[in-house]
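>>> Next come a sequence and a model predicted from it.
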Amino acid sequence: ERMVILLRAGVALGVLKSRRKGRYGVSRTGAALVGVPGLDRMIAHHDVLYRDLADPVAFFRGEVETELADFWPYVFGGDMDAQVAATYSDLMAQSQLLVADDTLATVRFDGITRLMDIGGGSGAFLTAVGQHYKALELMLFDLPQVAPSAAQRFEDAGLAARSTITGGSFRTDALPDGADAISLVRVLYDHSDETVRELLAKCHAALPPQGRLIISEPMTGGAQPTRAGDAYFALYTLAMRTGRTRSAPEIAALCTAAGFVDVKTPTARRPFVTSCVEARKA
């Protein structure tokens, strides 16, 4: 009886479908749910968010000491032990494959010689870009507890000879020199406007003339709220108690204020996965 209730609920949600003689099958949506890399890990991770939302009124009043804020301690610039760093890196890497695919479908990296990915974690995004653009040199910059985890991924992908890994914090350390493009993948929405302004200024200073900035992360719908941006990511970042999900025009304005020109917001293939903003140093 309980299995029937579960199966019927799955049909109602569209992840299962009814067949003849009391049988059930996986729907197209259900197949995607099973097949998307890392999606099951993200769903399991949401038990933290659900607990934070247990008292929604207190949550929106800012009266809840949210668990998500403790899960992502790097956002506050604090120390992170090795186990937390490993959990964070693995969760990010699992879901980064979709983001990389959609970013590559939205933005062209032609003409770039050396790409630096700030907050690059275990190197999942750079690996995808490096495999697509065979001559591109790769630079990864992330916290010292996190950055070394990329070495094995680069080695396995045959990218070790053209990759460089640097540990540091963009809050307190200077960005490495030498890149003619910088990518910020799911970084800005983790941080306050003040921190974002400081980071974008550092990116502008680190880039050479004509250097490119590529931003890829979920964004709100701006004038037209969206489910993914405004009902999910906006609440998630609110639970983190630091950053916020911004619209593409908001991010474009921050880039312009940092001195970037030719700011573009190309149409995203799947905005619920990621959207992009491109800019250039004059």
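Received, thanks. Numbers count the residues shown, from 1 in each chain.

>>> show me where the stretch 51-200 of the chain has helices.
For the stretch 51-200 of the chain, applying DSSP state H, counting those that start in this stretch gives helices covering 56-61, 67-71, 82-106, 124-132, 150-156, 193-206.

>>> among those helices, which is nearest residue 223?
helix 193-206 (19.3 Å; Cβ to Cβ). Just so you know, the C-beta spots here come from the backbone N, C-alpha and C atoms, and that holds for glycine as well.

>>> Contacts for that closest one next, please.
With Cβ atoms under 8 Å, 6 or more residues apart in numbering as the test, helix 193-206 has contacts from 116, 118, 170-171, 174-177, 179, 182, 184, 187-188, 191, 213, 244, 254-255, 257-260, 281.

>>> what angle sits between the next helix or strand after it and helix 124-132?
For helix 193-206, the succeeding helix or strand toward the C-terminus, using DSSP states H and E, is strand 212-217. Orientation check (axes from the mean of the first three to the mean of the last three Cα atoms, to 10 degrees): strand 212-217 against helix 124-132 gives 120 degrees.

>>> in the protein, which helix or strand is least confident?
helix 82-106 (a mean of 75; mean pLDDT, DSSP states H and E).

>>> Need the residue closest to the centroid of the protein.
Geometric centre of the chain, nearest residue: residue 186, 2.9 Å, by Cα atoms, centre = their mean.

>>> isn't it right next to residue 99, touching?
Yes: using Cβ atoms under 8 Å, residue 186 is in contact with residue 99, at 6.6 Å.

>>> Give the residues shared as contacts by the two.
Shared contacts of residue 186 and residue 99, counting by Cβ under 8 Å, 6+ apart, come down to 216, 274.

>>> wait, is residue 222 part of a strand?
No: Residue 222 is assigned coil when assessed by DSSP: H, G, I helix; E, B strand; the rest coil, not a strand.
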